[in-house]
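Chemist: What follows is a predicted protein model with its sequence.
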Amino acid sequence: MATVELFWEPGSPYTYLAATQVAALESDAGVTVEWKPFLLGKVFQARGMTLPAAVPAKAQYMFKDLARWAQLYQVPLTMPKVFPVNSMLASRVSVAAGQQGKGAEAALAVMGAYWGRGEDISQADVIKAALDGAGLEGDALIAASGTDPVKDQLRQNTEAALERGVFGAPTFFYEGAMFWGNDRLDLLKAVIAGTIKA
């Protein structure tokens, strides 16, 4: 089965939206998605970029756009109490979960807490509740998030993202071709199906 890599960031609303569609992508396109948390802030810093929401006109449009996508996908969307958020813990627990084969579950849990319910995922108790609610062992994953193998993997994911030209989230890779953004899912599916060229 072919693999699609997904470089994702918990603090990105468009990553959350795309994440809600990954199960359908896997089913419809016959692929397996490999979830790769990375630090988008580090990528922005390295590329001299700023948050899209830092531009007032873009922020005003973005919030309306997000609401439209949430309606289309029929998923909950709540603007978080804290935005932007320190997503380090959420990213690390997701790496730890991924090392146990539960990366998708952790990703959906932390982003569901942040973007679905508007909770502050910089807080360990919020992360624990989200993971526990998804049937994962929150305490164990939070403990693992502080270990060197987890920290190293997150660093490696971020470095790989930079090396491969990533500049935003979500970013998908399929057979070396890059697709950036929630709104590129149909293009990705078409390439996988062979109806268009990458």
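Modeler: Yep, it's here. Residues are numbered from 1 along each chain as shown.
Chemist: Between the two ends of stretch 162-179, how far is it?
Modeler: Stretch 162-179 has an end-to-end distance of 15 Å (criterion: Cα to Cα, to the nearest Å).
Chemist: quick one: secondary structure of Met49?
Modeler: Of the three states, Met49 takes coil under DSSP: H, G, I helix; E, B strand; the rest coil.
Chemist: wouldn't it be in contact with Leu162 here?
Modeler: No. At 11.9 Å, Met49 does not count as touching Leu162 under the criterion of Cβ atoms under 8 Å. Every C-beta, even on glycine, is put in place using the N, C-alpha and C of the backbone.
Chemist: If you count residues, where's the longest helix of this structure?
Modeler: helix 56-73 (DSSP state H).
Chemist: quick revisit: between Met49 and Leu162, what contacts are shared?
Modeler: Here Met49 and Leu162 share the contacting residues Val43, scored by Cβ atoms under 8 Å, 6 or more residues apart in numbering.
Chemist: hang on, the earlier thing: need the mean per-residue confidence for the longest helix of the chain.
Modeler: For helix 56-73, mean pLDDT is 95.
Chemist: residue contacts, Ala2?
Modeler: With contacts defined as Cβ under 8 Å, 6+ apart, Ala2 is in contact with Gly30, Val31, Thr32, Tyr174, Glu175, Ile192.
Chemist: can you pick the most crowded of the residues you listed?
Modeler: Within the contacts of Ala2, most neighbours by other Cβ atoms under 10 Å means Ile192, with 20 neighbours.
Chemist: ok, that residue touching Thr32?
Modeler: No. Using Cβ under 8 Å, Ile192 is not in contact with Thr32; the gap is 11.6 Å.
Chemist: isn't there a strand covering Val4?
Modeler: Yes. Counting by three-state DSSP, Val4 is found in a strand.
Chemist: Show the contacting residues for it.
Modeler: Counting by Cβ under 8 Å, 6+ apart, Val4 has contacts Leu25, Ala29, Val31, Thr32, Val33, Glu34, Phe172, Phe173, Tyr174, Leu188, Ile192.
Chemist: pLDDT for the residues you listed - can I get that in TSV?
Modeler: TSV is the format used below for the contacts of Val4 (pLDDT from 0 to 100):
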residue	pLDDT
Leu25	97
Ala29	96
Val31	98
Thr32	98
Val33	98
Glu34	98
Phe172	98
Phe173	98
Tyr174	98
Leu188	98
Ile192	98
